[in-house]
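Asker: below is the sequence, then the predicted model.
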Amino acid sequence: MTCWETIGAYAFRSLGYGERLLPRTDFTLCQQFTLIGSGLIWNVYFGVVALLFGFVLANAIAFAKASHNPIARKPAEWFIFLFRGSPLFIQFFLAYEALQLLPRAGIDVFGVTVQTAWTTKAWAGALFVLFLNTAAYSAEIFHGALRSIPKGDLEAAEAYGLTGFAKFRRIQWPTMLRLAWPAYTNEAIFLFHSTTLVFFSGFPAFQQRGDALYYASYFADKTFNPFIPYPIVAGYFIILTLLLIWLMGRINTRLNRHLPSNLSGKIRLRPQLIR
Amino acid sequence: MFEFCADPKSLEGLSWLSCYLTSGKHLNMYWAFGTVLLLLAVTAPIAMLFGFFGAMAARSQFFALRLIGKGYTGMVRGVPDIVFFLFFVIALDQGIEYIMHLIRCPDWVEPVRNGLEFRVCPQAKVPLGSAPQTVHQFYGFMLAVLTFALVFGAFAANVLYGAMQAVPRAQLETAEAYGLSPSQVFRRVLVPQMWVYALPGLSNLWLILIKATPLLFLLGVQDIVYWARELGGAKTQAFDYPHPDWRLYYFMALLVFYLGFTRLSEIVLNRIAARLAKGQATAAGEAMRKAGI
(Lines give C-alpha, C1' and ligand atoms only; values in the text may rest on other atoms or scores of the structure.)
Protein backbone atom coordinates (compact mmCIF):
# COMPACT_ATOMS: atom_id res chain seq x y z
CA MET A 1 0.00 0.00 0.00
CA THR A 2 1.45 3.35 -0.95
CA CYS A 3 1.28 6.27 1.40
CA TRP A 4 -1.49 7.96 -0.59
CA GLU A 5 -3.63 4.85 -0.42
CA THR A 6 -3.02 4.68 3.31
CA ILE A 7 -4.15 8.25 3.74
CA GLY A 8 -7.23 7.53 1.64
CA ALA A 9 -8.04 4.47 3.72
CA TYR A 10 -7.35 5.77 7.20
CA ALA A 11 -7.65 9.57 7.15
CA PHE A 12 -11.19 9.45 8.55
CA ARG A 13 -10.92 6.11 10.35
CA SER A 14 -11.59 7.77 13.70
CA LEU A 15 -15.02 8.86 12.43
CA GLY A 16 -15.83 5.42 11.05
CA TYR A 17 -15.15 6.06 7.36
CA GLY A 18 -12.67 4.15 5.20
CA GLU A 19 -10.89 0.93 6.01
CA ARG A 20 -12.44 -0.88 8.98
CA LEU A 21 -9.54 -3.04 10.09
CA LEU A 22 -6.60 -1.35 11.71
CA PRO A 23 -3.17 -2.42 10.46
CA ARG A 24 -1.92 -5.45 12.41
CA THR A 25 1.51 -6.16 10.97
CA ASP A 26 4.15 -4.26 8.98
CA PHE A 27 3.43 -0.91 10.52
CA THR A 28 4.72 1.95 8.42
CA LEU A 29 5.46 5.49 9.49
CA CYS A 30 2.81 6.68 7.09
CA GLN A 31 0.14 4.58 8.80
CA GLN A 32 1.11 5.92 12.18
CA PHE A 33 1.04 9.54 11.01
CA THR A 34 -2.29 9.07 9.23
CA LEU A 35 -4.13 7.23 11.98
CA ILE A 36 -2.86 9.44 14.79
CA GLY A 37 -3.73 12.48 12.71
CA SER A 38 -7.16 10.98 12.12
CA GLY A 39 -7.60 10.61 15.87
CA LEU A 40 -6.66 14.24 16.28
CA ILE A 41 -10.01 15.14 14.71
CA TRP A 42 -11.64 14.06 17.96
CA ASN A 43 -9.28 16.17 20.04
CA VAL A 44 -10.05 19.21 17.94
CA TYR A 45 -13.79 18.52 18.09
CA PHE A 46 -13.79 18.16 21.90
CA GLY A 47 -11.57 21.18 22.37
CA VAL A 48 -13.38 23.55 20.04
CA VAL A 49 -16.95 22.71 21.04
CA ALA A 50 -16.20 22.61 24.77
CA LEU A 51 -14.39 25.94 24.55
CA LEU A 52 -17.20 27.66 22.65
CA PHE A 53 -19.98 26.55 24.99
CA GLY A 54 -17.75 26.74 28.05
CA PHE A 55 -16.97 30.38 27.32
CA VAL A 56 -20.64 31.35 27.59
CA LEU A 57 -21.24 29.40 30.81
CA ALA A 58 -17.98 30.67 32.30
CA ASN A 59 -19.09 34.26 31.85
CA ALA A 60 -22.37 33.57 33.59
CA ILE A 61 -20.67 31.78 36.47
CA ALA A 62 -17.99 34.45 36.87
CA PHE A 63 -20.65 37.12 37.23
CA ALA A 64 -22.65 34.93 39.57
CA LYS A 65 -19.57 34.48 41.75
CA ALA A 66 -18.96 38.22 41.79
CA SER A 67 -22.56 38.85 42.79
CA HIS A 68 -23.45 40.10 46.28
CA ASN A 69 -26.49 37.88 46.42
CA PRO A 70 -25.60 34.59 48.15
CA ILE A 71 -28.26 32.71 46.17
CA ALA A 72 -26.26 33.37 43.02
CA ARG A 73 -22.80 33.38 44.60
CA LYS A 74 -22.85 30.16 46.62
CA PRO A 75 -23.80 27.78 43.80
CA ALA A 76 -21.17 29.38 41.56
CA GLU A 77 -18.51 28.98 44.24
CA TRP A 78 -19.47 25.34 44.78
CA PHE A 79 -19.52 24.61 41.08
CA ILE A 80 -16.04 26.04 40.65
CA PHE A 81 -14.70 24.21 43.71
CA LEU A 82 -16.23 20.92 42.59
CA PHE A 83 -14.69 20.98 39.12
CA ARG A 84 -11.37 22.60 40.00
CA GLY A 85 -10.85 20.57 43.17
CA SER A 86 -11.20 17.11 41.69
CA PRO A 87 -9.26 15.35 38.96
CA LEU A 88 -10.76 15.44 35.47
CA PHE A 89 -9.99 11.73 35.31
CA ILE A 90 -12.39 11.00 38.18
CA GLN A 91 -14.96 13.36 36.69
CA PHE A 92 -14.95 11.35 33.48
CA PHE A 93 -15.40 8.06 35.32
CA LEU A 94 -18.14 9.47 37.50
CA ALA A 95 -20.01 11.01 34.59
CA TYR A 96 -19.83 7.80 32.61
CA GLU A 97 -21.18 5.72 35.48
CA ALA A 98 -23.90 8.27 36.22
CA LEU A 99 -24.99 8.43 32.58
CA GLN A 100 -25.10 4.63 32.44
CA LEU A 101 -27.71 4.67 35.17
CA LEU A 102 -30.18 6.46 32.90
CA PRO A 103 -32.81 4.00 31.67
CA ARG A 104 -31.71 2.36 28.43
CA ALA A 105 -35.10 2.54 26.80
CA GLY A 106 -35.33 6.30 27.12
CA ILE A 107 -37.24 8.56 29.47
CA ASP A 108 -40.91 9.24 28.93
CA VAL A 109 -41.66 12.98 29.11
CA PHE A 110 -45.32 13.82 28.51
CA GLY A 111 -45.73 11.03 26.03
CA VAL A 112 -42.54 11.82 24.11
CA THR A 113 -39.73 9.31 24.56
CA VAL A 114 -36.38 11.01 25.09
CA GLN A 115 -33.55 8.78 23.97
CA THR A 116 -30.71 8.41 26.48
CA ALA A 117 -28.37 5.95 24.75
CA TRP A 118 -26.38 8.71 23.08
CA THR A 119 -25.39 10.30 26.40
CA THR A 120 -23.00 7.48 27.22
CA LYS A 121 -21.18 7.94 23.92
CA ALA A 122 -17.97 9.92 24.13
CA TRP A 123 -19.03 12.59 21.65
CA ALA A 124 -21.80 13.72 23.99
CA GLY A 125 -20.92 12.51 27.49
CA ALA A 126 -17.24 13.36 27.48
CA LEU A 127 -17.96 16.63 25.75
CA PHE A 128 -20.39 17.51 28.53
CA VAL A 129 -17.77 16.86 31.21
CA LEU A 130 -15.13 18.85 29.34
CA PHE A 131 -17.62 21.67 28.85
CA LEU A 132 -18.42 21.90 32.58
CA ASN A 133 -14.76 21.52 33.49
CA THR A 134 -13.51 24.29 31.24
CA ALA A 135 -16.43 26.47 32.31
CA ALA A 136 -15.30 26.14 35.94
CA TYR A 137 -11.64 26.88 35.22
CA SER A 138 -12.44 29.80 32.90
CA ALA A 139 -15.00 31.19 35.35
CA GLU A 140 -12.27 31.41 37.98
CA ILE A 141 -10.05 33.26 35.50
CA PHE A 142 -12.84 35.64 34.49
CA HIS A 143 -13.78 36.22 38.10
CA GLY A 144 -10.19 37.17 38.89
CA ALA A 145 -10.14 39.54 35.92
CA LEU A 146 -13.46 41.03 36.96
CA ARG A 147 -11.99 41.89 40.34
CA SER A 148 -8.92 43.49 38.83
CA ILE A 149 -10.74 45.93 36.55
CA PRO A 150 -9.20 49.31 37.40
CA LYS A 151 -11.45 51.26 39.75
CA GLY A 152 -10.89 54.39 37.68
CA ASP A 153 -12.38 52.78 34.57
CA LEU A 154 -15.66 52.06 36.36
CA GLU A 155 -15.75 55.51 37.92
CA ALA A 156 -15.08 57.10 34.54
CA ALA A 157 -17.94 55.08 33.04
CA GLU A 158 -20.28 56.34 35.71
CA ALA A 159 -19.06 59.89 35.20
CA TYR A 160 -20.12 59.57 31.56
CA GLY A 161 -23.57 58.45 32.63
CA LEU A 162 -23.14 54.78 31.83
CA THR A 163 -24.98 52.64 34.34
CA GLY A 164 -26.40 49.16 34.63
CA PHE A 165 -26.32 47.03 31.52
CA ALA A 166 -24.74 49.71 29.34
CA LYS A 167 -21.81 49.98 31.73
CA PHE A 168 -21.49 46.22 31.81
CA ARG A 169 -21.61 45.81 28.04
CA ARG A 170 -19.34 48.68 27.11
CA ILE A 171 -16.85 48.83 29.97
CA GLN A 172 -16.92 45.92 32.39
CA TRP A 173 -17.17 42.98 30.05
CA PRO A 174 -14.63 44.11 27.40
CA THR A 175 -12.13 45.08 30.10
CA MET A 176 -12.63 41.76 31.87
CA LEU A 177 -12.00 39.87 28.63
CA ARG A 178 -8.93 41.95 27.88
CA LEU A 179 -7.43 41.31 31.30
CA ALA A 180 -8.36 37.64 31.33
CA TRP A 181 -7.28 36.81 27.80
CA PRO A 182 -3.65 35.70 28.37
CA ALA A 183 -4.74 33.39 31.20
CA TYR A 184 -7.69 32.22 29.15
CA THR A 185 -5.35 31.31 26.31
CA ASN A 186 -3.47 29.03 28.66
CA GLU A 187 -6.74 27.52 29.80
CA ALA A 188 -7.65 26.82 26.17
CA ILE A 189 -4.31 25.09 25.67
CA PHE A 190 -4.80 22.94 28.78
CA LEU A 191 -8.26 22.03 27.60
CA PHE A 192 -6.93 20.77 24.28
CA HIS A 193 -4.32 18.76 26.16
CA SER A 194 -6.85 17.26 28.51
CA THR A 195 -8.98 16.04 25.61
CA THR A 196 -6.45 13.20 25.38
CA LEU A 197 -7.92 11.78 28.59
CA VAL A 198 -11.31 11.06 27.05
CA PHE A 199 -10.65 7.59 25.67
CA PHE A 200 -8.47 6.62 28.62
CA SER A 201 -11.05 7.18 31.29
CA GLY A 202 -14.52 5.78 31.31
CA PHE A 203 -15.80 6.48 27.84
CA PRO A 204 -14.79 3.52 25.70
CA ALA A 205 -13.71 3.94 22.09
CA PHE A 206 -16.59 2.60 20.00
CA GLN A 207 -15.37 0.36 17.12
CA GLN A 208 -11.80 1.56 17.71
CA ARG A 209 -12.76 5.11 16.82
CA GLY A 210 -10.47 6.87 19.23
CA ASP A 211 -8.48 10.04 19.57
CA ALA A 212 -4.81 10.67 18.77
CA LEU A 213 -3.50 9.13 21.98
CA TYR A 214 -5.74 6.09 21.56
CA TYR A 215 -4.11 5.22 18.24
CA ALA A 216 -0.65 6.13 19.54
CA SER A 217 -0.99 3.69 22.42
CA TYR A 218 -2.38 1.11 19.99
CA PHE A 219 0.81 1.37 17.95
CA ALA A 220 3.01 1.47 21.04
CA ASP A 221 1.35 -1.70 22.32
CA LYS A 222 1.64 -3.53 19.01
CA THR A 223 5.19 -2.53 18.14
CA PHE A 224 6.61 -2.36 21.71
CA ASN A 225 8.23 0.83 20.53
CA PRO A 226 7.07 4.03 22.22
CA PHE A 227 9.71 6.11 20.46
CA ILE A 228 7.70 6.67 17.28
CA PRO A 229 3.95 7.04 18.05
CA TYR A 230 4.22 9.22 21.16
CA PRO A 231 6.57 11.78 19.59
CA ILE A 232 4.12 11.90 16.66
CA VAL A 233 1.30 12.80 19.08
CA ALA A 234 3.59 15.32 20.72
CA GLY A 235 4.40 16.85 17.33
CA TYR A 236 0.75 17.11 16.35
CA PHE A 237 -0.08 18.74 19.66
CA ILE A 238 2.73 21.24 19.38
CA ILE A 239 1.36 22.27 15.98
CA LEU A 240 -2.16 22.46 17.43
CA THR A 241 -0.91 24.53 20.37
CA LEU A 242 0.93 26.95 18.08
CA LEU A 243 -2.18 27.36 15.94
CA LEU A 244 -4.25 28.04 19.04
CA ILE A 245 -1.74 30.59 20.33
CA TRP A 246 -1.78 32.34 16.98
CA LEU A 247 -5.58 32.47 16.92
CA MET A 248 -5.89 33.65 20.51
CA GLY A 249 -3.13 36.17 19.87
CA ARG A 250 -5.19 37.65 17.04
CA ILE A 251 -8.18 38.00 19.35
CA ASN A 252 -5.90 39.48 22.00
CA THR A 253 -4.64 42.11 19.58
CA ARG A 254 -8.23 42.99 18.72
CA LEU A 255 -9.20 43.27 22.39
CA ASN A 256 -6.24 45.55 23.05
CA ARG A 257 -6.51 47.61 19.87
CA HIS A 258 -7.33 50.85 21.70
CA LEU A 259 -4.20 50.70 23.86
CA PRO A 260 -0.80 52.05 22.84
CA SER A 261 1.10 49.11 21.36
CA ASN A 262 3.72 48.97 24.10
CA LEU A 263 1.04 48.38 26.74
CA SER A 264 -0.89 45.56 25.17
CA GLY A 265 0.24 42.34 26.74
CA LYS A 266 1.80 39.73 24.50
CA ILE A 267 0.57 36.22 25.15
CA ARG A 268 3.30 33.97 26.44
CA LEU A 269 3.05 30.24 26.50
CA ARG A 270 3.06 29.14 30.11
CA PRO A 271 3.79 25.64 31.35
CA GLN A 272 0.62 23.66 31.18
CA LEU A 273 -1.19 21.98 34.00
CA ILE A 274 -2.97 18.74 34.62
CA ARG A 275 -6.51 18.59 35.83
CA MET B 1 -12.69 -9.09 59.85
CA PHE B 2 -15.47 -9.39 62.40
CA GLU B 3 -16.54 -12.78 63.74
CA PHE B 4 -20.12 -12.51 62.57
CA CYS B 5 -18.89 -12.10 59.00
CA ALA B 6 -18.23 -15.82 58.62
CA ASP B 7 -21.41 -16.36 56.59
CA PRO B 8 -22.05 -13.19 54.55
CA LYS B 9 -25.14 -14.58 52.82
CA SER B 10 -27.10 -14.65 56.06
CA LEU B 11 -26.41 -11.03 56.93
CA GLU B 12 -28.62 -8.05 56.31
CA GLY B 13 -28.65 -4.29 56.71
CA LEU B 14 -25.93 -2.57 58.68
CA SER B 15 -24.09 -5.70 59.72
CA TRP B 16 -23.92 -6.71 56.06
CA LEU B 17 -22.51 -3.31 55.19
CA SER B 18 -19.94 -3.39 57.97
CA CYS B 19 -18.81 -6.82 56.83
CA TYR B 20 -18.83 -5.75 53.19
CA LEU B 21 -16.74 -2.65 53.84
CA THR B 22 -14.15 -4.60 55.83
CA SER B 23 -13.71 -7.48 53.39
CA GLY B 24 -10.18 -8.30 52.32
CA LYS B 25 -10.44 -6.51 48.99
CA HIS B 26 -11.79 -3.39 50.63
CA LEU B 27 -8.86 -3.38 53.03
CA ASN B 28 -6.65 -3.51 49.92
CA MET B 29 -8.49 -0.48 48.60
CA TYR B 30 -7.89 1.42 51.84
CA TRP B 31 -4.21 0.57 51.50
CA ALA B 32 -4.35 1.98 47.99
CA PHE B 33 -5.27 5.37 49.50
CA GLY B 34 -2.03 4.97 51.40
CA THR B 35 -0.28 4.23 48.11
CA VAL B 36 -1.54 7.50 46.68
CA LEU B 37 -0.41 9.45 49.75
CA LEU B 38 2.93 7.65 49.67
CA LEU B 39 3.34 8.52 46.01
CA LEU B 40 2.68 12.18 46.83
CA ALA B 41 5.07 12.10 49.77
CA VAL B 42 7.85 10.47 47.75
CA THR B 43 7.31 12.29 44.47
CA ALA B 44 7.08 15.85 45.80
CA PRO B 45 10.64 16.04 47.22
CA ILE B 46 12.18 14.23 44.25
CA ALA B 47 10.33 16.48 41.80
CA MET B 48 11.52 19.51 43.80
CA LEU B 49 15.08 18.24 43.55
CA PHE B 50 14.75 17.71 39.78
CA GLY B 51 13.16 21.12 39.48
CA PHE B 52 15.87 22.77 41.53
CA PHE B 53 18.66 21.31 39.44
CA GLY B 54 16.71 22.00 36.25
CA ALA B 55 16.33 25.65 37.22
CA MET B 56 20.02 25.85 38.19
CA ALA B 57 21.00 24.35 34.85
CA ALA B 58 18.72 26.78 32.99
CA ARG B 59 20.51 29.69 34.72
CA SER B 60 23.96 28.27 34.14
CA GLN B 61 26.79 30.14 32.45
CA PHE B 62 27.73 27.14 30.33
CA PHE B 63 25.86 26.93 27.08
CA ALA B 64 25.52 23.14 27.07
CA LEU B 65 24.18 23.00 30.61
CA ARG B 66 21.82 25.88 29.91
CA LEU B 67 20.55 24.07 26.83
CA ILE B 68 19.78 20.97 28.90
CA GLY B 69 18.04 23.03 31.55
CA LYS B 70 15.98 25.00 29.05
CA GLY B 71 15.17 21.84 27.15
CA TYR B 72 13.98 20.16 30.32
CA THR B 73 11.80 23.06 31.41
CA GLY B 74 10.49 23.51 27.89
CA MET B 75 9.72 19.81 27.52
CA VAL B 76 6.32 19.95 29.16
CA ARG B 77 5.13 22.98 27.26
CA GLY B 78 2.89 22.31 24.34
CA VAL B 79 2.66 18.56 24.80
CA PRO B 80 -0.07 16.86 26.86
CA ASP B 81 1.50 15.46 30.00
CA ILE B 82 -0.40 12.22 29.68
CA VAL B 83 1.69 11.55 26.58
CA PHE B 84 4.75 11.87 28.75
CA PHE B 85 3.26 9.58 31.34
CA LEU B 86 2.62 6.86 28.81
CA PHE B 87 5.91 7.43 27.01
CA PHE B 88 8.27 7.62 29.98
CA VAL B 89 7.10 4.45 31.62
CA ILE B 90 7.83 2.32 28.57
CA ALA B 91 10.97 4.26 27.70
CA LEU B 92 12.36 4.03 31.24
CA ASP B 93 11.48 0.36 31.49
CA GLN B 94 13.17 -0.46 28.21
CA GLY B 95 16.13 1.80 28.98
CA ILE B 96 16.80 0.10 32.31
CA GLU B 97 16.47 -3.35 30.77
CA TYR B 98 18.76 -2.40 27.92
CA ILE B 99 21.49 -1.21 30.30
CA MET B 100 21.13 -4.37 32.39
CA HIS B 101 21.34 -6.34 29.16
CA LEU B 102 24.63 -4.67 28.22
CA ILE B 103 26.07 -5.37 31.68
CA ARG B 104 24.86 -8.89 32.29
CA CYS B 105 24.92 -10.44 28.83
CA PRO B 106 27.86 -8.91 26.94
CA ASP B 107 28.09 -11.85 24.56
CA TRP B 108 24.43 -11.94 23.51
CA VAL B 109 24.42 -11.92 19.72
CA GLU B 110 20.78 -11.42 18.75
CA PRO B 111 19.71 -7.80 18.21
CA VAL B 112 17.68 -6.36 21.08
CA ARG B 113 15.15 -4.67 18.85
CA ASN B 114 14.19 -7.51 16.57
CA GLY B 115 11.55 -6.25 14.20
CA LEU B 116 8.55 -5.57 16.38
CA GLU B 117 9.95 -7.04 19.55
CA PHE B 118 12.08 -5.69 22.32
CA ARG B 119 13.99 -8.73 23.56
CA VAL B 120 16.71 -8.70 26.20
CA CYS B 121 18.36 -11.76 27.73
CA PRO B 122 16.41 -13.34 30.63
CA GLN B 123 19.01 -12.27 33.21
CA ALA B 124 18.48 -8.64 32.24
CA LYS B 125 14.75 -8.61 32.91
CA VAL B 126 13.91 -6.07 35.59
CA PRO B 127 12.64 -7.36 37.90
CA LEU B 128 13.67 -10.95 37.22
CA GLY B 129 10.92 -13.22 35.96
CA SER B 130 11.34 -15.37 39.06
CA ALA B 131 10.92 -12.46 41.46
CA PRO B 132 7.87 -12.53 43.77
CA GLN B 133 4.76 -10.49 42.98
CA THR B 134 5.52 -7.80 45.57
CA VAL B 135 8.82 -7.00 43.87
CA HIS B 136 6.99 -6.49 40.57
CA GLN B 137 4.50 -4.20 42.28
CA PHE B 138 7.28 -2.27 43.99
CA TYR B 139 9.15 -1.89 40.72
CA GLY B 140 5.99 -0.63 39.01
CA PHE B 141 5.45 1.86 41.80
CA MET B 142 9.03 3.14 41.64
CA LEU B 143 8.72 3.53 37.88
CA ALA B 144 5.57 5.57 38.45
CA VAL B 145 7.34 7.71 41.06
CA LEU B 146 10.21 8.38 38.69
CA THR B 147 7.83 9.29 35.86
CA PHE B 148 5.84 11.64 38.07
CA ALA B 149 9.05 13.17 39.40
CA LEU B 150 10.40 13.73 35.88
CA VAL B 151 7.25 15.41 34.61
CA PHE B 152 6.58 17.43 37.74
CA GLY B 153 10.26 18.23 38.07
CA ALA B 154 9.93 20.04 34.75
CA PHE B 155 6.95 22.02 36.10
CA ALA B 156 8.83 22.79 39.30
CA ALA B 157 11.91 23.84 37.32
CA ASN B 158 9.73 26.39 35.52
CA VAL B 159 8.39 27.76 38.78
CA LEU B 160 11.78 27.86 40.54
CA TYR B 161 13.45 29.44 37.51
CA GLY B 162 10.87 32.20 37.59
CA ALA B 163 11.31 32.62 41.34
CA MET B 164 15.09 32.86 41.02
CA GLN B 165 14.68 35.56 38.37
CA ALA B 166 12.20 37.39 40.62
CA VAL B 167 14.62 37.95 43.49
CA PRO B 168 15.49 41.67 43.30
CA ARG B 169 18.73 42.21 41.45
CA ALA B 170 19.85 44.74 44.07
CA GLN B 171 19.97 42.01 46.72
CA LEU B 172 22.39 39.97 44.66
CA GLU B 173 24.49 42.99 43.75
CA THR B 174 24.76 43.96 47.41
CA ALA B 175 25.94 40.46 48.24
CA GLU B 176 28.51 40.66 45.45
CA ALA B 177 29.66 44.06 46.74
CA TYR B 178 30.37 42.44 50.10
CA GLY B 179 32.73 40.08 48.33
CA LEU B 180 30.65 36.93 48.31
CA SER B 181 31.57 34.43 45.61
CA PRO B 182 28.90 33.46 43.03
CA SER B 183 28.17 30.17 44.80
CA GLN B 184 27.92 31.98 48.14
CA VAL B 185 25.52 34.51 46.65
CA PHE B 186 23.45 31.64 45.33
CA ARG B 187 23.40 29.71 48.59
CA ARG B 188 23.10 32.54 51.12
CA VAL B 189 21.06 35.19 49.32
CA LEU B 190 19.25 33.87 46.28
CA VAL B 191 17.94 30.56 47.60
CA PRO B 192 16.64 31.85 50.96
CA GLN B 193 14.83 34.72 49.28
CA MET B 194 13.31 32.92 46.33
CA TRP B 195 10.80 30.83 48.29
CA VAL B 196 8.31 33.61 48.83
CA TYR B 197 8.17 34.10 45.07
CA ALA B 198 8.10 30.38 44.37
CA LEU B 199 5.32 29.53 46.81
CA PRO B 200 2.27 30.49 44.72
CA GLY B 201 3.57 28.45 41.83
CA LEU B 202 4.62 25.55 44.02
CA SER B 203 1.31 25.39 45.85
CA ASN B 204 -0.46 25.41 42.52
CA LEU B 205 1.82 22.57 41.47
CA TRP B 206 1.01 20.61 44.62
CA LEU B 207 -2.70 20.85 43.90
CA ILE B 208 -2.05 19.72 40.35
CA LEU B 209 0.07 16.83 41.61
CA ILE B 210 -2.79 15.69 43.83
CA LYS B 211 -5.14 15.79 40.89
CA ALA B 212 -2.68 13.88 38.70
CA THR B 213 -2.51 10.87 41.01
CA PRO B 214 -5.39 8.99 39.32
CA LEU B 215 -3.04 8.70 36.35
CA LEU B 216 -1.28 6.03 38.40
CA PHE B 217 -4.02 3.79 37.12
CA LEU B 218 -2.78 4.30 33.57
CA LEU B 219 0.71 3.32 34.66
CA GLY B 220 -0.58 -0.05 35.78
CA VAL B 221 -0.34 0.51 39.53
CA GLN B 222 -3.21 -0.93 41.58
CA ASP B 223 -4.37 2.43 42.87
CA ILE B 224 -7.73 3.65 44.14
CA VAL B 225 -9.19 4.02 40.65
CA TYR B 226 -8.30 0.40 39.94
CA TRP B 227 -9.98 -0.79 43.13
CA ALA B 228 -13.02 1.43 42.62
CA ARG B 229 -13.59 -0.17 39.22
CA GLU B 230 -12.80 -3.63 40.51
CA LEU B 231 -14.98 -3.51 43.62
CA GLY B 232 -17.76 -1.38 42.21
CA GLY B 233 -18.53 -3.64 39.25
CA ALA B 234 -21.65 -5.78 39.51
CA LYS B 235 -21.13 -8.96 41.54
CA THR B 236 -23.20 -12.08 40.90
CA GLN B 237 -24.42 -14.57 43.49
CA ALA B 238 -21.15 -16.46 43.03
CA PHE B 239 -19.46 -13.80 45.16
CA ASP B 240 -19.67 -13.51 48.92
CA TYR B 241 -21.25 -10.07 48.72
CA PRO B 242 -23.41 -9.88 45.59
CA HIS B 243 -24.51 -6.39 44.56
CA PRO B 244 -25.46 -4.51 41.40
CA ASP B 245 -23.14 -2.05 39.64
CA TRP B 246 -21.99 0.32 42.38
CA ARG B 247 -19.12 1.98 40.58
CA LEU B 248 -20.93 5.33 40.73
CA TYR B 249 -20.80 5.31 44.54
CA TYR B 250 -17.18 4.26 44.58
CA PHE B 251 -16.20 7.08 42.25
CA MET B 252 -18.31 9.42 44.35
CA ALA B 253 -16.18 8.41 47.35
CA LEU B 254 -13.00 9.10 45.37
CA LEU B 255 -14.36 12.50 44.37
CA VAL B 256 -15.04 13.36 48.01
CA PHE B 257 -11.55 12.16 48.94
CA TYR B 258 -9.94 14.41 46.34
CA LEU B 259 -12.13 17.41 47.16
CA GLY B 260 -11.36 17.06 50.86
CA PHE B 261 -7.68 16.62 50.25
CA THR B 262 -7.58 19.66 47.95
CA ARG B 263 -9.43 21.77 50.51
CA LEU B 264 -7.11 20.69 53.31
CA SER B 265 -4.06 21.46 51.18
CA GLU B 266 -5.44 24.88 50.32
CA ILE B 267 -5.89 25.75 53.99
CA VAL B 268 -2.37 24.60 54.91
CA LEU B 269 -0.80 26.35 51.91
CA ASN B 270 -2.58 29.61 52.74
CA ARG B 271 -1.10 29.44 56.24
CA ILE B 272 2.38 28.87 54.85
CA ALA B 273 1.94 31.74 52.40
CA ALA B 274 0.90 34.08 55.23
CA ARG B 275 3.89 32.95 57.24
CA LEU B 276 6.34 33.52 54.39
CA ALA B 277 4.83 36.88 53.45
CA LYS B 278 5.32 38.25 56.95
CA GLY B 279 7.87 41.04 56.95
CA GLN B 280 8.52 40.77 53.20
CA ALA B 281 8.52 43.85 51.01
CA THR B 282 5.66 42.54 48.87
CA ALA B 283 2.03 43.58 48.54
CA ALA B 284 0.91 40.71 50.79
CA GLY B 285 3.49 41.59 53.41
CA GLU B 286 2.48 45.23 53.30
CA ALA B 287 -1.19 44.31 53.70
CA MET B 288 -0.30 42.25 56.78
CA ARG B 289 1.69 45.11 58.24
CA LYS B 290 -1.24 47.50 57.78
CA ALA B 291 -3.68 45.03 59.30
CA GLY B 292 -1.37 44.84 62.29
CA ILE B 293 -0.86 41.08 62.23
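Answerer: Sure thing, it's come through.
Asker: tell me who's in contact with B:L65.
Answerer: B:A57 (C-beta atoms under 8 Å, 6 or more residues apart in numbering or on different chains). Heads up, the C-betas are built off the backbone N, CA and C, glycines and all.
Asker: quick one: the helices in chain B?
Answerer: Assigned by DSSP state H, the helices in chain B fall at B:13-21, B:24-58, B:63-75, B:81-104, B:133-166, B:169-177, B:182-185, B:191-212, B:224-232, B:247-277, B:283-291.
Asker: what's the spacing between B:V83 and chain A?
Answerer: From B:V83 over to chain A the distance is 5 Å, taken as C-beta to the nearest C-beta, to the nearest Å.
Asker: residues touching that residue, list them.
Answerer: Contacts for B:V83 (C-beta under 8 Å, 6+ apart) come out as A:196, A:213, A:216, A:230, A:233-234, A:237.
Asker: neighbours around A:C3, how many?
Answerer: 13 (other C-beta atoms under 10 Å in any protein chain shown).
Asker: now it, nearest residue through space, not along the chain?
Answerer: Leaving aside its sequence neighbours, A:C3 sits nearest to A:C30 (C-beta to C-beta, 6 or more residues apart in numbering or on different chains; 4.1 Å).
Asker: now do A:F63
Answerer: The shortest distance from A:F63 to any non-neighbouring residue, by C-beta to C-beta, 6+ apart, is to A:L146 (7.3 Å).
Asker: in which helix or strand would I find that neighbour?
Answerer: Using DSSP states H and E, the element containing A:L146 is helix A:122-147.
Asker: buried residues in that helix?
Answerer: Neighbour-count burial for helix A:122-147 flags A:122-123, A:125-127, A:129-143, A:145-146 (criterion: 16 or more other C-beta atoms under 10 Å in any protein chain shown).
Asker: now do the residue located most distally from the centre of chain A against B:V109, distance only.
Answerer: No residue in chain A has its C-alpha farther from the mean C-alpha position than A:A159, which lies at 39.7 Å (C-alpha atoms, centre = their mean). To B:V109, A:A159 is 86 Å away according to C-beta to C-beta, to the nearest Å.
Asker: quick one on the thing from earlier: output the helices of chain B as a markdown table; include the columns mean pLDDT.
Answerer: Below are the helices of chain B laid out as a markdown table (pLDDT from 0 to 100):
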| stretch | mean pLDDT |
| --- | --- |
| helix B:13-21 | 77 |
| helix B:24-58 | 89 |
| helix B:63-75 | 84 |
| helix B:81-104 | 81 |
| helix B:133-166 | 86 |
| helix B:169-177 | 90 |
| helix B:182-185 | 90 |
| helix B:191-212 | 85 |
| helix B:224-232 | 83 |
| helix B:247-277 | 88 |
| helix B:283-291 | 74 |
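Asker: put together JSON lines for the ones you listed, with distance to A:L177 on each row.
Answerer: JSON lines is the format used below for the helices of chain B (distance: least, C-beta to C-beta, whole Å):
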{"stretch": "helix B:13-21", "distance to A:L177": "50"}
{"stretch": "helix B:24-58", "distance to A:L177": "33"}
{"stretch": "helix B:63-75", "distance to A:L177": "29"}
{"stretch": "helix B:81-104", "distance to A:L177": "28"}
{"stretch": "helix B:133-166", "distance to A:L177": "26"}
{"stretch": "helix B:169-177", "distance to A:L177": "34"}
{"stretch": "helix B:182-185", "distance to A:L177": "43"}
{"stretch": "helix B:191-212", "distance to A:L177": "23"}
{"stretch": "helix B:224-232", "distance to A:L177": "37"}
{"stretch": "helix B:247-277", "distance to A:L177": "27"}
{"stretch": "helix B:283-291", "distance to A:L177": "25"}
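Asker: please name whichever of these is nearest to A:I61.
Answerer: Proximity to A:I61, assessed across the helices of chain B by C-beta to C-beta, is greatest for helix B:247-277 (17.9 Å).
Asker: show me where the stretch 51-200 of chain A has its helices.
Answerer: For the stretch 51-200 of chain A, applying DSSP state H, counting those that start in this stretch gives helices covering A:70-85, A:88-100, A:122-147, A:151-159, A:164-167, A:173-194.
Asker: what angle do the third one and helix A:88-100 make?
Answerer: Here helix A:122-147 points in a direction 130 degrees away from that of helix A:88-100 (axes from the mean of the first three to the mean of the last three C-alpha atoms, to 10 degrees).
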